[in-house]
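S.K.: How does the following fold in three dimensions:
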Amino acid sequence: MAVARATGLIVGEQVSQDRDLATLQAVVDTLPPAPRYTSDGHAVYAELVWSEGSQHLVSLAKEEAYTMESVNANLRTYLKGLARRSRCFSRSLETLRRTIRLFVSYYNYRQRLSLAHPGLRGRLPLLT
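M.R.: Prediction:
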């Protein structure tokens with residue numbers, strides 16, 4: 001998943017069994033241009049071709065990835081099948097893709113509402 005730090009919107013997602021160069025490059029190629037991209041320390045990120053004029057930053061201690069980490073926490077909280085200690089998860093990759101797509105759609109809707117109406121910030125439930 002990719003999150004725009006300024007808006008908090010999820011701008012890219014990919015559900016895959018692999019975190020290989022081809023899969024991640026396909027995700028990076030769909031991302032909107034940005035001056036800086038931040039990722040964890042996985043080795044394949046160093047091999048990716050990022051958009052021209054941008055900088056890739058590795059955040060080992062996650063000090064630069066706090067926006068993404070909060071989205072991940074929301075995902076694990078509201079999609080119980082992704083909870084770290086869950087025993088209930090779908091074995092269908094397509095089901096997971098659809099679930100993530102639905103989550104992203106509603107999450108971005110909520111973020112846009114929050115951006116358009118700052119007084120609602122912190123008072124909008126993620127799920128109703």
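
S.K.: For Asp29, grab phi and psi.
M.R.: With angles defined as degrees, to the nearest 10, Asp29 sits at phi -70, psi -20.

S.K.: same check, this time on Glu64
M.R.: The phi/psi pair for Glu64 (degrees, to the nearest 10) is phi -100, psi 0.

S.K.: Now do the contacts for Gln55.
M.R.: Going by C-beta atoms under 8 Å, 6 or more residues apart in numbering, Gln55 touches Pro35, Arg36, Tyr37. Heads up, the C-betas are built off the backbone N, CA and C, glycines and all.

S.K.: Which of these fall within strands?
M.R.: Arg36, Tyr37 (DSSP state E).

S.K.: tell me which of the contacts of Gln55 is nearest to Val11?
M.R.: Distance to Val11, by C-beta to C-beta, is smallest for Tyr37 among the contacts of Gln55, at 10.8 Å.

S.K.: Skipping adjacent residues, who's closest to the closest one in space?
M.R.: His56 (5.1 Å; C-beta to C-beta, 6 or more residues apart in numbering).

S.K.: re the thing from before, would you mind putting the contacts of Gln55 into JSON lines with distance to Val44, pLDDT and neighbour count alongside?
M.R.: What follows is the contacts of Gln55, written out as JSON lines (distance: C-beta to C-beta, whole Å; pLDDT from 0 to 100; neighbours: other C-beta atoms under 10 Å):
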{"residue": "Pro35", "distance to Val44": "22", "pLDDT": "89", "neighbour count": "8"}
{"residue": "Arg36", "distance to Val44": "19", "pLDDT": "88", "neighbour count": "11"}
{"residue": "Tyr37", "distance to Val44": "14", "pLDDT": "89", "neighbour count": "16"}
